[in-house]
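> dropping a prediction and its sequence here:
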Amino acid sequence: MKNIFASDRYRGPWVAGALLPLLAAPAMAVDLSNADGSWTFSIDGNVNADYVYSNCESPTVSATHNPGAVAAGGGLTCVGSADGNSVSSVDNGLLPAAFVFGVATTQNGFDISAHLGLYPGIDTHTGGNPNGSGTNAALGTAGLDVRQVYATFGNKDIGTVLIGRQIGLFGADVILNDMTLLGVGAPGGAASAAPGNTTLGGIGWGYIYTDWLAQMNYTTPDFSGFNLTAGIFNPINSLTNTDATEPKKAPGFHGKAVLKLPISDGVKFYASATFITQEQDYVSAVRGPYSYTGTGFDIFAKIDIQDFEAFGYYYHGSGLGTTGLFAYSDDGLGNKRDSDGYLAQLTYKIGPVKLGVNYGDSRLDAANTADRLADGGYLIRSNRKETGGVYYSVTKNLTLLGEFSHTRSESQNGDDDQANTFNVGAFVAF
């Protein structure tokens, strides 16, 4: 099975781009009002670039080791070529550049806002398509991704409704708090002959990508630091199922519970739990129509104590897949694969410098014995990563950074690939 997460078809972290406006970022670069003050207009975003060097797994194939097959089965660790194992590139990190526009007003007691995000990359892509095949050749152009367009209305007494295309609920908190969000983490498409616009960060190495979904949600008012969100989203298809896709019979459903506790001066606690469920429908030439329901939940908890921050994250899915929503979620016959994973992170600030380490593991179980033995047993079993990083805030808007990551991908038959990546870069937020 082709590894879509390391291919030109899927530059996974590119789609993380619109996360920046959700971060605790600096004040907006522009915040304007019309003549009577009834509407405000804002723009914020970032520009970033990293030099990325990867020493990838040797492509040598032996009787006991086949790195190409490990990668094709869903392994995310980069593999070298006949010319060598070293790969260099200049890329965006996990985030592409971002220019996010917003308008807001209050009318008849309702707070109303609308947002549009434009996310350009810096690497060359055929036809400017940010998620298409990269050429990395002269006379090319970068891509522009419009991944975020949504509106909200409500107030603190009745809660808030969100409509449009926005980040999903499942897996959002972990990627928003991943220290590699401003950096690179795992290289993904950066370690290839035609570098992708962005890297993987920790996507597939401890969490499933939250993705951007057409959705309608309601969030309750805040009850002493506690609130709930529930909604529906436009159901999405599996990236890896090759059978004919049927129209979905019902929307997907997701929900989230959040608890924020300011314990004392300089000590804060945050926790969340989410769930997601959606039916997949296909028609197979072998067995005819079939369907299965993918479900998942996650738990996230973070504590801040002065300049120290620690968080832990865990997810579990059945028919939910790994790395991306519903990728490798079944065996192609409707038999669901279970998955789970975790990410742990520690950071500490010393003046303008933040030091951090994180470790993550995403695991996938075969649906049954036949599934485990299929294609030589090269279906992915585990993608693991360790990252250490240094992030220096030169100013409140300029961050210089350096990271080192070690990755390992292991298949169901025990074969594995390992690689090391080093990156240095700059991140300008506005």
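Structure received.
> from residue 329, how far off is the nearest residue to residue 245 once chain neighbours are set aside?
Sequence neighbours aside, residue 237 is the residue nearest to residue 245 in space, at 5.1 Å (criterion: C-beta to C-beta, 6 or more residues apart in numbering). The C-beta positions use only the backbone N, C-alpha and C, and glycine is treated the same way. Separation of residue 237 from residue 329 (C-beta to C-beta, to the nearest Å): 10 Å.
> higher neighbour count, those two?
More neighbours surround residue 329 than the other of residue 237 and residue 329, with 27 against 14 (other C-beta atoms under 10 Å).
> find the residue closest to that one in space, skipping its chain neighbours.
residue 321 (3.6 Å).
> try residue 144
residue 120 (5.0 Å).
> where does this protein dip in pLDDT?
Counting by pLDDT under 70, the chain has low-confidence residues at 1-30, 35, 126-135.
> on that earlier part again, my guess is the residue nearest to residue 329 contacts residue 340. True?
No - in this structure residue 321 lies outside contact range of residue 340 using C-beta atoms under 8 Å: 11.6 Å.
> those two - which one has more neighbours?
With neighbours defined as other C-beta under 10 Å, residue 321 and residue 340 compare such that residue 321 has more, 24 against 18.
> so which helix or strand takes in that one?
Under DSSP states H and E, no helix or strand contains residue 321.
> how about the contacts made by it?
By C-beta atoms under 8 Å, 6 or more residues apart in numbering, the contact list for residue 321 reads 208, 238, 240, 294, 327-329, 337, 339, 364.
> in TSV, list the residues you listed along with distance to residue 274.
Below are the contacts of residue 321 laid out as TSV (distance: C-beta to C-beta, whole Å):
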residue	distance to residue 274
208	11
238	20
240	23
294	14
327	19
328	21
329	18
337	20
339	15
364	20
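> which one of these is nearest residue 345?
For these, the closest approach to residue 345 (C-beta to C-beta) belongs to residue 208, at 16.9 Å.
> buried residues in the helix or strand containing residue 70?
Using DSSP H and E, residue 70 maps to helix 67-72. Neighbour counts over helix 67-72 (16 or more other C-beta atoms under 10 Å) mark 67, 69-72 as buried.
> export these to TSV and tack on distance to residue 249?
As requested, those are arranged in TSV below (distance: C-beta to C-beta, whole Å):
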residue	distance to residue 249
67	41
69	36
70	36
71	35
72	32
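> tell me which residues form a beta bridge with residue 429?
residue 46 (DSSP bridges).
> rewinding a little: now the common contact residues for residue 237 and residue 329.
Residues touching both residue 237 and residue 329 by C-beta under 8 Å, 6+ apart: residue 280.
> thinking again about what came up before, please report how far the residue nearest to residue 329 lies from residue 379.
Taken as C-beta to C-beta, the span from residue 321 to residue 379 is 12 Å.
> now for the two: what residues contact both?
What both residue 321 and residue 379 touch, as defined by C-beta under 8 Å, 6+ apart, is the set 328, 364.
> make sure residue 290 is actually in contact with residue 335.
No - judged on C-beta under 8 Å, residue 290 makes no contact with residue 335 at a distance of 9.5 Å.
> tell me which of the two has more neighbours.
residue 290 (18 against 15).
> can you pull the contacts of that one?
Counting by C-beta under 8 Å, 6+ apart, residue 290 has contacts 281-284, 333-334.
> kindly recompute the last result at 10 Å.
With contacts defined as C-beta atoms under 10 Å, 6 or more residues apart in numbering, the neighbours of residue 290 are 243, 246, 280-284, 330, 332-335.
> same check on residue 247?
235, 281.
> part of a helix, is it?
No - assigned with DSSP: H, G, I helix; E, B strand; the rest coil, residue 247 falls outside any helix and is coil.
> tell me the bridge partners for the closest residue to residue 305 other than its chain neighbours.
Excluding the flanking residues, the one nearest residue 305 by C-beta to C-beta, 6+ apart is residue 267, at 5.3 Å. Counting by DSSP bridges, residue 267 is bridged to residue 264, residue 305.
> i'd like the first residue to be 342 from this point on
Let's use 342 as the start, then, which means that last one is residue 608.
> quick check: residue 608 vs residue 650, distance?
11 Å.
> got it, and residue 614?
20 Å.
> quick check: PyMOL command selecting the buried ones in the contacts of residue 631.
Here is the PyMOL command that selects the buried residues among the contacts of residue 631 (16+ other C-beta under 10 Å):
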select buried, resi 584+621+622+623+671+673+674+675
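> secondary structure and distance to residue 488 added to the contacts of residue 631, as TSV?
Below are the contacts of residue 631 laid out as TSV (DSSP: H, G, I helix; E, B strand; the rest coil; distance: C-beta to C-beta, whole Å):
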residue	secondary structure	distance to residue 488
584	coil	27
587	coil	26
621	strand	23
622	strand	25
623	strand	26
624	strand	30
625	strand	32
671	strand	27
673	coil	29
674	coil	33
675	coil	31
676	coil	32
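> which pair in the contacts of residue 631 spans the largest distance?
587 and 676 (17.5 Å).
> re the thing from before, of residue 614 and residue 650, who's got more company?
Higher neighbour count among residue 614 and residue 650: residue 650, with 19 against 15, using other C-beta under 10 Å.
> bridging residues for the more buried one?
Where residue 650 sits in a bridge, its partners, by DSSP bridges, are residue 645, residue 688.
> any idea how far it is from residue 526?
Applying C-beta to C-beta to residue 650 and residue 526 gives a distance of 17 Å.
> let's verify the closest residue to residue 512 other than its chain neighbours: helix, strand, or coil?
Among residues not flanking residue 512 along the chain, residue 551 sits closest, at 3.9 Å (C-beta to C-beta, 6+ apart). When classified by three-state DSSP, residue 551 comes out as coil.
> so what's residue 551 up against?
356-357, 360, 508-517, 544, 615, 617, 639, 665-666.
> do residue 673 as well
Residue 673 touches 342, 579, 581-584, 623, 625, 627-628, 631, 708, 712, 715, counting by C-beta under 10 Å, 6+ apart.
> what of residue 636?
Per C-beta under 10 Å, 6+ apart, neighbours of residue 636: 594, 616-620, 657-661, 677.
> equivalent analysis for residue 677, please.
621, 633-636, 658-662, 670-671, 706, 708.
> and it, what are its bridge partners?
With DSSP bridges as the rule, residue 677 is bridged to residue 671.
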